[in-house]
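Peer 1: Got a sequence here, can you build the structure:
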Amino acid sequence: MSVKLGVVMDPIAGINYKKDSTLAMLWAAQDRGWSLYYMEQHDLYITGGEPRASMRKLTVFKDPERWYELGAVNDECLADLDIILMRKDPPFDNEFVYSTYILEAAERAGSFVVNPPQALRDANEKITATWFPECAPPHLVTADDARIRAFHAEHKDVILKPLDGMGGSSIFRARVDEPNIGVIIETLTNFGKNTIMVQKFIPEISNGDKRILLIDGEPVDYCLARLAAKGETRANLAAGGRGEARPLNDRDRWICDKVKLFLQERKLLFVGLDVIGDYLTEVNVTSPTCIREIDAAYGTDIGGRFMDCISEKYQARKR
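Peer 2: Numbering: from 1, shown residues only. This next block holds a predicted model:
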């Protein structure tokens, strides 16, 4: 099958070769004989109603010294691509939203965009967890100072975080005697202008913040438990945490089963759930990671499984 696959991602020159999940996807696509095309967010545009991009032919290698090669820049219609992977990392800002509008135009013109632009806009990674209150810890989504203080007073130990970040950025823990709670609230809400999420602190974070990957709503059998560095509350790898791959437990699978229909209805083909202890804390839909660490520990081929899923869905669209 001759397939032209485009990828919108952060600069490929700056990725972490050992850990990058998008690279694993691109290897798998290239192994299937698909042609790869590289774009960054600023390369996308619309003219005369037509979605286009400055794109470059991409070849990827399993070589830590030379993992990619780019061809010349060509201005092309996005609809000429059969499949487009949207793998731009947050922040989920206006530029990200504008990119989804352009990709939605490509979708209307016939390209298969994964994950779908509409679903990327609708499924905020923090708030989506609140759709499943039976799975989530006690939480509050607000910009109101008084409500946040009341929630903190009730639960004693809480996590406060913005709704548009990633990698543990700007996440605060406030214990019962936190003297800077006012400053934390002012900083995150910008004096009541920005809505944030507050969650009850889950002590089981000491046993890891688990990233569970799902392909078309079905979980990979193993997760990556991210363990915080000494003196840190945040377990995110970007915040200095270390990863430990583990099999899913029964509670993990129960949570996956609860979110499965939600993901499938929205055609969210690649998603990462964050689970601490018994609780679902985030539903990551933009550019979930941890493929490489799980593959290395258990010999899985998550990128290959994902490409097979995309291939099946793509072929079904053409029938």
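
Peer 1: What's the local residue count around residue 108?
Peer 2: 10 (other C-beta atoms under 10 Å). Where you see a C-beta, it was placed from the backbone N, CA and C, and this is true even at glycine.

Peer 1: could you measure it against residue 49, distance?
Peer 2: Note on residue 108: its distance to residue 49, by C-beta to C-beta, to the nearest Å, is 10 Å.

Peer 1: Low-confidence bits of this protein, can you list those?
Peer 2: 1, 167, 231-240 (pLDDT under 70).

Peer 1: Break it into its domains for me.
Peer 2: Domain ranges of the chain: 4-115, 138-200, 204-305, per automatic domain parsing.

Peer 1: Which residue ranges of the stretch 51-200 of the chain form strands?
Peer 2: In the stretch 51-200 of the chain, the strands defined using DSSP state E, counting those that start in this stretch lie at 68-77, 83-87, 112-114, 139-142, 158-162, 172-174, 196-200.

Peer 1: Would you format those strands as TSV with mean neighbour count and distance to residue 189 included?
Peer 2: Converted to TSV, these look like this (neighbours: other C-beta atoms under 10 Å; distance: least, C-beta to C-beta, whole Å):
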stretch	mean neighbour count	distance to residue 189
strand 68-77	13	40
strand 83-87	24	29
strand 112-114	22	33
strand 139-142	18	8
strand 158-162	23	9
strand 172-174	20	12
strand 196-200	22	6
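
Peer 1: Residue 314: which of the domains of the chain is closest?
Peer 2: Minimum separation from residue 314 across these (C-beta to C-beta) falls at domain 4-115, 5.1 Å.

Peer 1: Straight-line length of the closest one, end to end?
Peer 2: Domain 4-115 has an end-to-end distance of 17 Å (criterion: C-alpha to C-alpha, to the nearest Å).

Peer 1: how distant is that domain from the center of its chain?
Peer 2: How far domain 4-115 lies from its chain's middle: 15 Å, per C-alpha atoms, centre = their mean, to the nearest Å.

Peer 1: go on, stretch 135-144?
Peer 2: Distance, centroid of stretch 135-144 to centroid of chain: 20 Å (C-alpha atoms, centre = their mean).
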